[in-house]
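[1] 3D, please:
(one chain, ligands or ions: 1)
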Amino acid sequence: MEFYKYQGTGNDFVMVDNRDLQFPKDKNIIEKLCDRRFGIGADGLILLENDPDYDFKMVYYNSDGGESTMCGNGGRCLVAFAFFLDVFEDKCKFIAIDGEHEAEIHNGIIKLKMIDVDTVSYDGNDAVLNTGSPHYVKYVENIADYDVYTQGHGIRNSENYKEKGINVNFVEKISDNEIFVRTYERGVEDETYSCGTGVTASALTFLQKDNLTSVKVKTLGGNLKVYAEKSGDSFCNIWLEGPAKQVFKGKVDIL
Ligand SMILES: N[C@@H](CCC[C@H](N)C(=O)O)C(=O)O
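    Modelled structure (predicted):
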């Protein structure tokens, strides 16, 4: 099987052109392909498929092999992959598990429209919201030295969240228009270098507090930017912007 490897701010994915529907959607196979020692190695695997009403369809799996909800960085990488395959010219519309997404690509920078967010709820002082995937957002100090794995694993496996799981984001304000976000991801069950839906969720809580329309976001794997319009407690016109790159391509035996 031919595959491509992409990364978006260090969140890395095995990418497969599955327009011929030949890929075996088997949890064990996907987990093995994503394994960093016994496989290609990635935070997730993404299939590009045809859809009669859109430029393409996104099917996303976490590195544990399970199909999951929306992946923001994966969506940006898939747009770069579809552009590489000449599926569209500069703007596209695709369908993912959380609904329709628009995207634009200019000089390797992908701007991806995320779903509207209607509610932000609270668990104590921490925010809980869905940006296509479920996210817990906690503001912390000295984030560079924060134990993201232990704290994130604890919250993700706590009574309220252990059944469905949740992605856990730790956030620190850097300046009036910039935050630093580190994320423990469900389905990877570890900290990743960046999480697009997590960056988006974190940015919205910052925009909510400070009444801004955009915020720069630093992650371990690079920089992103989130734009949004706020009306009451909800957000619309949410865009996630940043780089996504093809790293290599290869062939692998999967059966
Ligand atoms: N890395 C992703 C999030 C992927 C989904 C998440 N692990 C989940 O299962 O909820 C992103 O960039 O958004």
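[2] got the residues of the stretch 151-255 of the chain near the ligand?
    Those residues of the stretch 151-255 of the chain that sit near the ligand, judged by C-beta under 6 Å from any ligand atom, are 167, 185, 186, 187, 188, 192, 195, 196, 197. C-beta here means a position set from N, CA and C on the backbone, and glycine is covered the same way.
[3] Next, count neighbours for the second one.
    Right, residue 185. Residue 185 is surrounded by 28 other residues when neighbours are defined as other C-beta atoms under 10 Å.
[4] nearest to residue 179, of the residues of the stretch 151-255 of the chain next to the ligand?
    Set against residue 179, the nearest of those by C-beta to C-beta is residue 195 (13.4 Å).
[5] Domain-wise, how is the protein divided?
    When the chain is parsed into structural domains using the TED database, the resulting residue ranges are 2-112+244-251, 121-232.
[6] can you give me the end-to-end distance of the first one?
    What that stands for is domain 2-112+244-251. In domain 2-112+244-251, first residue to last residue: 4 Å (C-alpha to C-alpha, to the nearest Å).
[7] Name the residues of the helix or strand bottoming out on mean pLDDT in the chain that are buried.
    Considering only helices and strands, the least confidently modelled element of the chain by mean pLDDT, DSSP states H and E is helix 196-210, at a mean of 94. Neighbour-count burial for helix 196-210 flags 196-208 (criterion: 16 or more other C-beta atoms under 10 Å).
[8] ditto for stretch 105-124
    105, 110, 111, 112, 113, 114, 115, 117, 120.
[9] With pLDDT added, can I get these in a markdown table?
    Written out in a markdown table, the entries for the buried residues of stretch 105-124 read as follows (pLDDT from 0 to 100):
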| residue | pLDDT |
| --- | --- |
| 105 | 98 |
| 110 | 98 |
| 111 | 98 |
| 112 | 99 |
| 113 | 98 |
| 114 | 98 |
| 115 | 98 |
| 117 | 98 |
| 120 | 96 |
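[10] Save those as TSV, and put in distance to residue 55 and secondary structure too.
    Converted to TSV, those look like this (distance: C-beta to C-beta, whole Å; DSSP: H, G, I helix; E, B strand; the rest coil):
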residue	distance to residue 55	secondary structure
105	12	strand
110	14	strand
111	15	strand
112	13	strand
113	13	strand
114	17	coil
115	18	coil
117	24	strand
120	31	coil
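[11] Nearest to residue 38 among those residues?
    Comparing those against residue 38 with C-beta to C-beta places residue 110 closest, at 30.4 Å.
[12] dump the residue contacts of the closest one.
    Residues in contact with residue 110, defined by C-beta atoms under 8 Å, 6 or more residues apart in numbering, are 8, 76, 77, 79, 80, 103, 104, 241, 242, 243, 244.
[13] Inside strands: which ones of the residues you listed?
    Among the contacts of residue 110, the members falling in strands (DSSP state E) are 8, 103, 104, 241, 242, 243.
[14] rewinding a little: now could you export just the CA positions of the least confident helix or strand of the chain as CSV?
    Backbone C-alpha positions of helix 196-210 (Å, rounded to 0.1, in the frame of the first residue of the first chain) are rendered in CSV as follows:
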residue,chain,number,x,y,z
GLY,A,196,-5.8,21.7,16.3
THR,A,197,-9.2,21.2,17.9
GLY,A,198,-7.5,21.7,21.3
VAL,A,199,-5.8,24.9,20.2
THR,A,200,-9.2,26.1,18.8
ALA,A,201,-11.0,25.3,22.1
SER,A,202,-8.2,27.0,24.2
ALA,A,203,-8.2,30.0,21.9
LEU,A,204,-12.0,30.4,22.2
THR,A,205,-11.8,30.5,26.0
PHE,A,206,-9.2,33.2,25.7
LEU,A,207,-11.2,35.2,23.2
GLN,A,208,-14.2,34.9,25.4
LYS,A,209,-12.3,36.4,28.4
ASP,A,210,-10.6,39.1,26.5
